[in-house]
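missing the sequence, but the structure's below:
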């Protein structure tokens with residue numbers, strides 16, 4: 001909750017949201033008969049039992065401890081659930097007829113958001129890192145990673161790292177097992193126990209020298225040792241995913257789902273505004289909403 005003294009605007013916005021929720025719930029409560037919806041105590045208990053069993057494995061002690069940690073009583077939780085379940089039931093009743101979207105709207109959305117349905121090429125990559133100096137230093141490959149070292153590596157350290165990387169590469173070229181060699185030699189603590197697997201690598205994710213090598217390798221080719229600030233990497237690209245622009249047919253289902261969700265929210269908002277007008281909500285002076293922000297269930 002924003003502090004009223006230090007963040008008066010934030011506090012005002014918070015209280016407006018609370019008031020909007022309270023009004024929305026009361027409207028739903030008063031219109032529940034018209035909508036033919038209700039939530040019984042048994043319905044709430046079923047939900048609570050599901051939480052107890054699915055989240056806490058049926059352990060009542062853990063469940064109670066979680067409530068205490070959230071500073072909420074079981075009775076308060078029941079009330080919260082009953083409110084949210086009634087709100088959700090109202091939303092579903094009001095929007096139940098919103099099930100389709102015209103094809104032309106789907107096409108228009110696709111054209112306006114075409115860039116969202118383009119994926120850059122990626123390379124499924126694995127590597128073994130030989131870091132210069134201490135075998136105990138923690139290293140990684142991404143630009144944002146940090147490396148902890150006890151001392152700056154010397155030229156001799158770099159030369160030794162290169163020699164070992166060349167040795168590891170030769171073993172791989174001769175048919176050596178990536179999983180075993182990564183476990184035995186790699187100084188990348190994040191991947192050494194998974195065969196050096198980095199998953200699908202996109203441009204902009206790795207340091208430049210590493211990226212340049214990855215995107216120049218043919219599938220299954222094993223690189224020469226590549227020097228970065230982390231050490232020498234022996235890299236292999238195991239699969240290539242070419243850049244792709246998804247067609248309308250390929251993403252039609254996804255777009256339809258998005259547009260149906262938007263139409264449901266619009267239908268809910270319109271219904272709620274009419275319901276408020278029917279009930280004739282009156283605001284205390286100074287608490288009138290600047291804009292209408294009808295709470296939709298989630």
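Alright, I've got the coordinates. Predicted, not measured: the structure shown is a model, and the values here were computed from it.

please count neighbours and contacts with C-alpha atoms only from this point.
OK.

mind showing which ranges of this structure have poor pLDDT?
Residue ranges of the chain with pLDDT under 70: 134-150, 291-298.

recalculate using a threshold of 90.
Along the chain, segments meeting pLDDT under 90 span 1, 133-153, 281-298.

ranges for the helices of it?
Taking DSSP state H as the test, the helices found in the chain are 8-35, 41-56, 60-69, 74-94, 103-112, 155-173, 178-185, 208-214, 248-279.

need those helices in TSV with distance to residue 222 and mean neighbour count, can you?
Formatted as TSV, the helices of the chain follow (distance: least, C-alpha to C-alpha, whole Å; neighbours: other C-alpha atoms under 10 Å):
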stretch	distance to residue 222	mean neighbour count
helix 8-35	56	15
helix 41-56	46	14
helix 60-69	51	13
helix 74-94	55	17
helix 103-112	40	14
helix 155-173	7	17
helix 178-185	11	18
helix 208-214	10	17
helix 248-279	35	15
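
let's have these in CSV, adding distance to residue 241.
Shown next, in CSV, are these (distance: least, C-alpha to C-alpha, whole Å):
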stretch, distance to residue 241
helix 8-35, 46
helix 41-56, 38
helix 60-69, 44
helix 74-94, 40
helix 103-112, 23
helix 155-173, 23
helix 178-185, 21
helix 208-214, 13
helix 248-279, 17
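
residue 125: which of those is closest?
helix 208-214 (7.5 Å; C-alpha to C-alpha).

select, out of the helices of the chain, the one closest to residue 197.
Going by C-alpha to C-alpha, the one of the helices of the chain nearest residue 197 is helix 178-185, 9.1 Å.

which other residues reach that closest one?
Helix 178-185 is contacted from outside by 127, 128, 129, 130, 168, 172, 192, 193, 194, 195, 196, using C-alpha atoms under 8 Å, 6 or more residues apart in numbering.

quick one: residues contacting the last one.
In this case it means residue 196. Contacts of residue 196 (C-alpha under 8 Å, 6+ apart): 126, 127, 128, 178, 179, 182, 186, 188.

distance of the first one from residue 151?
Spelled out, that is residue 126. 28 Å (C-alpha to C-alpha, to the nearest Å).

so which of the two has more stuff around it?
Taking neighbours as other C-alpha atoms under 10 Å, residue 126 and residue 151 compare with residue 126 leading, 25 against 9.

quick check: closest non-adjacent residue to that one.
Distances taken as C-alpha to C-alpha, 6 or more residues apart in numbering place residue 197 nearest to residue 126, at 4.3 Å, with adjacent residues excluded.

surely the one you found touches residue 128?
No - applying C-alpha atoms under 8 Å, one finds residue 197 not in contact with residue 128, separated by 9.0 Å.

which strands and helices sit next to the longest strand seen in the chain?
Selection of the longest strand in the chain by residue count, based on DSSP state E, yields strand 231-241. If you count contacts as 3 or more C-alpha pairs under 8 Å, 6 or more residues apart in numbering; DSSP states H and E, strand 231-241 packs onto strand 122-130, helix 155-173, helix 208-214, strand 226-228.

burial measure for residue 287, as a count.
Using other C-alpha under 10 Å, residue 287 has 12 neighbouring residues.

which residue sits closest to it, ignoring its sequence neighbours?
Nearest one to residue 287, counting by C-alpha to C-alpha, 6+ apart, is residue 16 at 7.6 Å.

circling back to that earlier point, neighbour count winner among residue 197 and residue 128?
Between residue 197 and residue 128, counted using other C-alpha under 10 Å, the more crowded position is residue 128 (29 against 21).

surely the more buried one and residue 234 touch.
Yes - in this structure, residue 128 is within contact of residue 234 by C-alpha under 8 Å, at 5.2 Å.

dump the helices and strands packed on strand 231-241 into a markdown table; add distance to residue 264 as well.
Listed next are the helices and strands packed on strand 231-241 as a markdown table, based on distance: least, C-alpha to C-alpha, whole Å:
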| stretch | distance to residue 264 |
| --- | --- |
| strand 122-130 | 36 |
| helix 155-173 | 56 |
| helix 208-214 | 44 |
| strand 226-228 | 52 |
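
residue 269: which of these is closest?
Comparing these by C-alpha to C-alpha, strand 122-130 comes nearest, at 41.8 Å.

the closest one - contacts with which helices or strands?
Using 3+ C-alpha pairs under 8 Å, 6+ apart: strand 122-130 touches helix 155-173, helix 178-185, strand 197-202, strand 231-241.

closest to residue 257 out of the ones you listed?
When the helices and strands packed on strand 122-130 are compared (using C-alpha to C-alpha), the closest one is strand 231-241, at 26.5 Å.

which residues sit against the closest one?
121-132, 158, 161-162, 165, 168-169, 210, 213-214, 217-227.
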